[in-house]
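Q: Whatever this is, show me its structure:
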Amino acid sequence: MPRIPFRILLAAAFGCGTGFLTGIASAQQVYLLETICSTAVSKAFPCTVEAFNVEDATEYRHAFDGKTVSYRVIEDPYVRIQGRRSDGSPWLTVRNAWINFKTNELCFNDRVFCVINPTFLDDVKASGGGAFEGRELVGLAFANSGRVDVACFDNGCARLLEAIGR
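A: Below is the predicted model:
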């Protein structure tokens, strides 16, 4: 099986291209996307995703109904991932992320927040150099530090969840 570069896994987890994972001194918009999001309590509603390079991180702001849910990838001193419920709230480590290529859906923290991004996920799949070919599901679990602890694919994700009793 081909080795999947870590940057591609992170890009897949956050709906961005691997070239976006470099920081700059001030916020710079990378892209804007009108799409569909969902939460654990609200299914399928319109939302807007804006990706920004901000200092040493790439932030993904999901706006809907006057709210903003954000996720960011920070690379230095090591790659880690954080999210926050609204502007001004504290950044917290993301526990997990799930990508379903069949439905073009990306979910965080056991489906607390999900976003559909078919254009980008197709791009991530193509950028994987065959590593995602034939894949339907990718899962990532994060340590308290925000770093990826476990990555799984397809049936391996179901087996992992069985092994930890979920």
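Q: Near residue 145, how many other residues are there?
A: 9 (other Cβ atoms under 10 Å). C-beta here means a position set from N, CA and C on the backbone, and glycine is covered the same way.
Q: Could you do residue 102 as well?
A: Neighbourhood size, residue 102 [other Cβ under 10 Å]: 9.
Q: How about residue 103?
A: 14.
Q: Would you agree it falls within a helix?
A: No: counting by DSSP: H, G, I helix; E, B strand; the rest coil, residue 103 falls outside a helix, being coil.
Q: Tell me if I'm right that it and residue 114 touch.
A: No: the pair formed by residue 103 and residue 114 falls short of the contact definition of Cβ atoms under 8 Å, at 9.5 Å.
Q: Check which residues of the top strand by length along the chain are buried.
A: Using DSSP state E to assign secondary structure, the strand with the most residues in the chain is strand 24-39. Buried residues in strand 24-39, counted by 16 or more other Cβ atoms under 10 Å: 30, 33, 35, 36, 37, 38.
Q: The helix or strand hosting residue 98 - what's its average pLDDT?
A: For residue 98, the host element (DSSP states H and E) is strand 96-100. Mean per-residue pLDDT for strand 96-100: 90.
Q: Count the residues that sit near the residue nearest to residue 36 when sequence neighbours are not counted.
A: Closest residue in space to residue 36, ignoring its immediate chain neighbours: residue 116 at 4.6 Å, by Cβ to Cβ, 6 or more residues apart in numbering. Number of residues near residue 116 (other Cβ under 10 Å) recorded here: 21.
Q: ok, residue 116 touching residue 100?
A: No: taking Cβ under 8 Å as the definition, residue 116 is not a contact partner of residue 100, at 9.6 Å.
Q: so what sits against both of those two?
A: Shared contacts of residue 116 and residue 100, defined by Cβ atoms under 8 Å, 6 or more residues apart in numbering, comprise residue 106.
Q: for this structure, what spans make up the strands?
A: 24-39, 45-55, 57-64, 67-74, 80-84, 92-93, 96-100, 105-108, 113-116, 137-142, 148-153.
Q: Neighbouring strands of the fifth one in the sheet, and parallel or not?
A: Put plainly, it is strand 80-84. According to DSSP bridges, strand 80-84 forms sheet pairs with strand 67-74 (antiparallel), strand 92-93 (antiparallel).
Q: Could I get the ones you listed in a markdown table, plus columns for mean neighbour count and mean pLDDT?
A: Below are those laid out as a markdown table (neighbours: other Cβ atoms under 10 Å; pLDDT from 0 to 100):
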| stretch | mean neighbour count | mean pLDDT |
| --- | --- | --- |
| strand 67-74 | 20 | 89 |
| strand 92-93 | 14 | 92 |
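Q: No further questions, thank you.
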